[in-house]
Structures are given as C-alpha cells and as structure tokens.
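Engineer: sequence first, predicted model second:
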Amino acid sequence: MVETSKTSVLISGNWKMNQNHFEALKLIQELSALLRSLNGDSVLSPMTKVSIHPPFTSLRTVQTAVESDHIPVFLGAQTCHHLDKGAYTGEVSAEMLSKLGVQYVIAGHSERRQYFFETDEIVQKKVKAILHHGMHPILCVGETMEERQLGKANEKVQNQLREVFSQLSIEEALKVVVAYEPIWAIGTGETATSSDAEQMCSFIRTELASLSGNQVAEEALIQYGGSVNEQNAAELLAQENINGLLVGGASLDARKFVEICRA
Ligand code: PGA
C-alpha cells in the first residue's frame, strides 16, 4: 500500500451544460458571498482548494468575477481540443483556455467518452496538451455497472490510467489530478459506498506507483465523483485515499456546494 500525506484537498464543481452567461454570473456571485467572510477572507480551510468548471460561454464572465472579487476558487474548464489551432469548427483549444486564466481542465469525463466518442488515445492527447499549456488535467476514470458486476472494474480503470500515465514524465504526472467516477453513480443519486470508493482510490494510487513511481503515487490528488452531495461529502473525504471530490449536480446550488467545500 502507498502512504499518502493528504496535505491538500481539491473540490471541483462541474457545471456541465448548465448556466447561461447570466445565470453563471449570479451563481459565482452567490459563491463569492458564501466563500468569503465579511472582511473578505476565505472561509475555506487552508488545505482546501476549489475549482469551478463553467461552460465555455461563461468562462470569461466567471474569470472576471473571480479576479475582481478575489473569490478563493480556481477557474476550470470541462474539456478542450488537443491541438492549439486549426480548422476544427466548434472546438476550443487548451492554449485558448490557458490564456483565459484556466488552471484545471477535465479530460475524459465519461459523458465525453460516451456521447462524443472520446477514446483513451484522444484523452491522452488532451492530457498532454493541457500539461503543455501549464494547466492541471483532471483525468476521469471509472467503470460501468456491467463492468463492476463482471468483476472488471479494476481492469478498466487500470487500462485508462495506463494509456495516459505511460506517456508522461514524472514532472508531468505530478500535475495530474485523477477523478474516480463510477459511471453508474453519475447523476443517478446512487453514490458508491465510501468503502467501495476508497478501495478503488487506493487501487489507483497503487497503479500510479507502478506507472510513475512512489512520489507521484504519494502526492497524487485523487478525487471521487458521482452523486456527491452535502450529506455524503465528509464521509467520502474522511477516507484515506480520497483527497478531493468532483461534484456535478450539487455544484449548481451555491449553498450545497460551499457546504461540500467545507466538509
Ligand atoms: P453528479 O456528476 O455529481 O451530478 O453525479 C458528477 C460528474 O459527472 O462529475
């Protein structure tokens, strides 16, 4: 088993395809009011980092609010294209995101894999591009219910990790956040039990050790995602190998999200 020091925790809010530009402004203002005390200081524990991932159309609005109000969150994006520029109608590159002040980009979310046919190979290229532009990838891995029932969950996650980490230097691997998101738990209200989540996150840490060495495994931020809410957050975060949460639905409610961030 790999020892983990758990010196920091990353809570990420994935807004998915929600919040138009006006709604996004309102939500970030609500977050600002709840995340800062009356004298403007952050209400978060010093070990807690928060990233929020609005749709592309709201990135600039949120970035401006975060900077002008000194809101203690990092700007995140939900995906990107792996090339810097070119004739790819509708796409947004990692380079464009980095110039907007984005610091965390989700790569390989199961919804992207399922609905937009992103393969492990594409996800790996995205991770490289995100790193190349100085940002942190949040690499999502996880199994379907069928794979879990067939006893293939570990194998699936192992392959998803291998595809990416085998291509990274140690310096690069140290910057990657891994999010374990069992597909059957996303948006379903069905959370993995904290011990199932812990077991997989511990397995992920062991795999990282064999792929990238002990330092990467010990320092890796490993998030759990899938129906996280203000009631289950603390128990999930209390697990030894879980040092972060990737939150979908509950991140659209400022009060719930801040409760999760303070869990
Ligand atoms: P959920 O989504 O919290 O709504 O289940 C999590 C995610 O997809 O990142």
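Structural biologist: Sure thing, it's come through. Numbering: from 1, shown residues only.

Engineer: mind giving me the packing neighbours of the lowest-mean-pLDDT helix or strand in the chain?
Structural biologist: Among the helices and strands of the chain, helix 145-149 carries the lowest confidence by mean pLDDT, DSSP states H and E, at a mean of 93. Helices and strands in packing contact with helix 145-149 are not found; criterion 3 or more Cβ pairs under 8 Å, 6 or more residues apart in numbering; DSSP states H and E. In this view, the C-beta of every residue, glycine as well, is placed from N, C-alpha and C.

Engineer: with Cys140 as the reference, measure out to the residue of the stretch 101-250 of the chain found nearest the ligand.
Structural biologist: Per Cβ to the nearest ligand atom, Gly248 is where the stretch 101-250 of the chain lies closest to the ligand, at 2.2 Å. As judged by Cβ to Cβ, to the nearest Å, Gly248 and Cys140 stand 11 Å apart.

Engineer: with Met200 instead?
Structural biologist: 13 Å.

Engineer: for Gly134, phi and psi?
Structural biologist: Dihedral angles of Gly134 (phi, psi; degrees, to the nearest 10) stand at phi 80, psi 20.

Engineer: test my guess that it contacts Gly101.
Structural biologist: No. Taking contacts as Cβ atoms under 8 Å, Gly134 lies outside contact range of Gly101: 11.0 Å.

Engineer: out of these two, which sits in the busier spot?
Structural biologist: Gly101 (16 against 11; other Cβ atoms under 10 Å).

Engineer: wait, the more buried one sits on Glu67?
Structural biologist: Yes. Gly101 is within contact range of Glu67, at 7.4 Å (criterion: Cβ under 8 Å).

Engineer: what's near enough to touch Gly101?
Structural biologist: Gly101 sits next to 63, 67, 75 when contact means Cβ atoms under 8 Å, 6 or more residues apart in numbering.
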